[in-house]
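# Have a look; sequence and predicted model below, questions after that.
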Amino acid sequence: MNAYLLLANGMVFAGQSVGAEGVTVGEVVFATGMVGFEETLTDPSYYGQIITQTYPLIGNYGMNKDDMESDRVWAKGYIVREACKTPSNWRCEETLDSFLKKNNTIGIEGIDTRHLTRVIRESGVMNGAILTTFDPADPANQAETDKLLETIRAYAVTDAVKSVTCAEPEVYNEKGETHIVLMHYGCKRNIVRCLVKRGCKVTVMPAFATAEQVKALNPDGIMLSNGPGDPAEPVEVIENLKHIFELGIPTFGICLGHQLSALAAGAKTMKLKYGHRGANQPVTDFESGRTFITSQNHGYAVVGEELPAEMGEVAQVNANDGTCEGIKYKKWNCFTVQFHPEANGGPKDTEFLFDRFLNNVKAAKEAR
């Protein structure tokens, strides 16, 4: 079946349908990872977005439930150059096409993803739609195309954290010696795995949990997860964080958790032209002088220069564009990073940050 990608600027890309049929509208972004496509699709940070994979062949090792980072696909749509129809791997349970169909996710293959990526890099992230219902390039469909373009241009990702967080607390590894509260802003399962394999009991809390609710759990440490959307939108979460930090409990923030912490400290965030999404982002750490290759997925960044000096200092920057990648706080027992040290389908260079966090937790327990 034919499928089409219609961008907000009126450009049309024609290809073939993969996954579900119909129409889907979202923010079109690109991700540079060569593997980890199932983790990408099920990462809540992609809520509201249509993902373009820059690597030309996707699905060659198939899909399986163990690689899912959440219970469902959060992306609004999927764009690939070629969807592999004959995957080869002993763990494979199904093809990309069947996985997308099962998750009611609309996709398109057979388009020039290099051209599309260049458009996004030059023009910036823009809204678009994948559709199988009509050809938007056909003059006979002009009225339908104009109506869809109005919908595309009006689209915005809103209520992102509210839409992806858990409804009730969830507990993992009940007998763990160190109790970590994980604030769920759209967290990936591998954050829980990284903590559990280090002997932690993990209580995953809804994003809007208050400082009083967190304190009542008597945690040894707090983690702030990744998540989707404009970090300045969930103002209630930001206000809650100010009170959570005042508890004095060692805290570690990742991605959206990093951005929300900076906003709570009085800094600002900005929307990047096309964001950082992929498994090859270089990050320079000032303390060690080393540059790490990291996995990232975000469209916003903290304006490091706007962080009040009494609150903290920028600890890492992106080696490509100089944007803030990490903050070490002075007023709070907290450090945060923009990248994903828990990356699955990505480099493990910075997983040691979990050990650094737990060393902070241990030191705080010994000091009580």
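That came in fine, so what should we check first? Residues are numbered from 1 along each chain as shown.
# Can you tell me which residue is spatially central in the chain?
Centre of the chain computed as the mean C-alpha position; nearest residue by C-alpha atoms, centre = their mean is S45, 2.9 Å away.
# so how far is stretch 220-234 from its chain's centroid?
Stretch 220-234 has its average C-alpha position 11 Å from the chain's average C-alpha position, going by C-alpha atoms, centre = their mean, to the nearest Å.
# Send me that stretch as CSV with only the CA atoms.
Provided in CSV are the C-alpha atoms of stretch 220-234 (Å, rounded to 0.1, in the frame of the first residue of the first chain):
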residue,chain,number,x,y,z
ASP,A,220,18.3,6.9,50.7
GLY,A,221,18.4,8.6,47.3
ILE,A,222,16.2,10.1,44.6
MET,A,223,16.5,9.7,40.8
LEU,A,224,14.8,12.0,38.4
SER,A,225,14.0,10.2,35.1
ASN,A,226,14.0,11.1,31.4
GLY,A,227,10.8,12.2,29.8
PRO,A,228,9.1,14.0,26.9
GLY,A,229,7.9,17.5,26.0
ASP,A,230,8.8,21.1,26.9
PRO,A,231,10.5,21.0,30.3
ALA,A,232,8.9,24.4,31.2
GLU,A,233,5.4,23.1,30.8
PRO,A,234,4.9,20.9,34.0
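# What mean pLDDT does it get?
Averaging pLDDT along stretch 220-234 yields 97.
# how about that stretch: buried residues?
Residues of stretch 220-234 classed as buried: 220-231, 234 (neighbour count, 16 or more other C-beta atoms under 10 Å). C-beta coordinates here come from the backbone N, C-alpha and C atoms, glycine included.
# which one among these gets closest to F245?
Ranking these by separation from F245, with C-beta to C-beta as the measure, puts I222 on top at 8.9 Å.
# can you give me the helices for the stretch 201-350 of the chain?
Along the stretch 201-350 of the chain, counting by DSSP state H, counting those that start in this stretch, helices occupy 211-216, 235-245, 256-264.
# Dump those into TSV; add mean neighbour count and distance to T117 as well.
As requested, the helices of the stretch 201-350 of the chain are exported to TSV (neighbours: other C-beta atoms under 10 Å; distance: least, C-beta to C-beta, whole Å):
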stretch	mean neighbour count	distance to T117
helix 211-216	15	41
helix 235-245	18	32
helix 256-264	27	24
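# Export these to a markdown table and append columns for distance to Q53.
Written out in a markdown table, the entries for the helices of the stretch 201-350 of the chain read as follows (distance: least, C-beta to C-beta, whole Å):
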| stretch | distance to Q53 |
| --- | --- |
| helix 211-216 | 38 |
| helix 235-245 | 31 |
| helix 256-264 | 22 |
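# Out of these, which gets nearest to P169?
P169 sits nearest to helix 211-216 of all these, at 8.8 Å, using C-beta to C-beta.
# so what does that closest one touch, helix or strand wise?
helix 235-245 (3 or more C-beta pairs under 8 Å, 6 or more residues apart in numbering; DSSP states H and E).
# got the angle between the helix it packs on and helix 256-264?
Interaxial angle, helix 235-245 versus helix 256-264 (axes from the mean of the first three to the mean of the last three C-alpha atoms, to 10 degrees): 80 degrees.
# ok, and what's touching helix 235-245?
By C-beta atoms under 8 Å, 6 or more residues apart in numbering, the residues outside helix 235-245 that reach it are 161, 183, 185, 207-211, 214, 222, 224, 232, 251, 260-261, 263-264, 331-332, 334.
# before we move on, what about stretch 200-209?
Judged by C-beta under 8 Å, 6+ apart, the contacts made with stretch 200-209 from elsewhere in the structure are 161-162, 165-185, 187, 192, 195-196, 213-214, 217, 219, 227, 234, 236-237, 240, 358.
# let's go with 6 Å and repeat that
When contacts are taken as C-beta atoms under 6 Å, 6 or more residues apart in numbering, the neighbours of stretch 200-209 outside the stretch itself are 161, 165-166, 169-173, 176, 178-185, 192, 195, 217, 236-237.
# Now list the buried members of those residues.
Neighbour counting by 16+ other C-beta under 10 Å classes 161, 165, 172-173, 176, 178-185, 192, 195, 237 among the contacts of stretch 200-209 as buried.
# And the strand ranked longest in the chain, what's buried?
Looking across the chain with DSSP state E, the single longest strand is strand 268-285. By neighbour count on 16+ other C-beta under 10 Å, the buried set for strand 268-285 is T269, L272, Y274, G275, H276, R277, G278, A279, Q281, V283, T284, D285.
# quick one: which of these is nearest T52?
Within the buried residues of strand 268-285, proximity to T52 (C-beta to C-beta) peaks at R277, which comes in at 9.3 Å.
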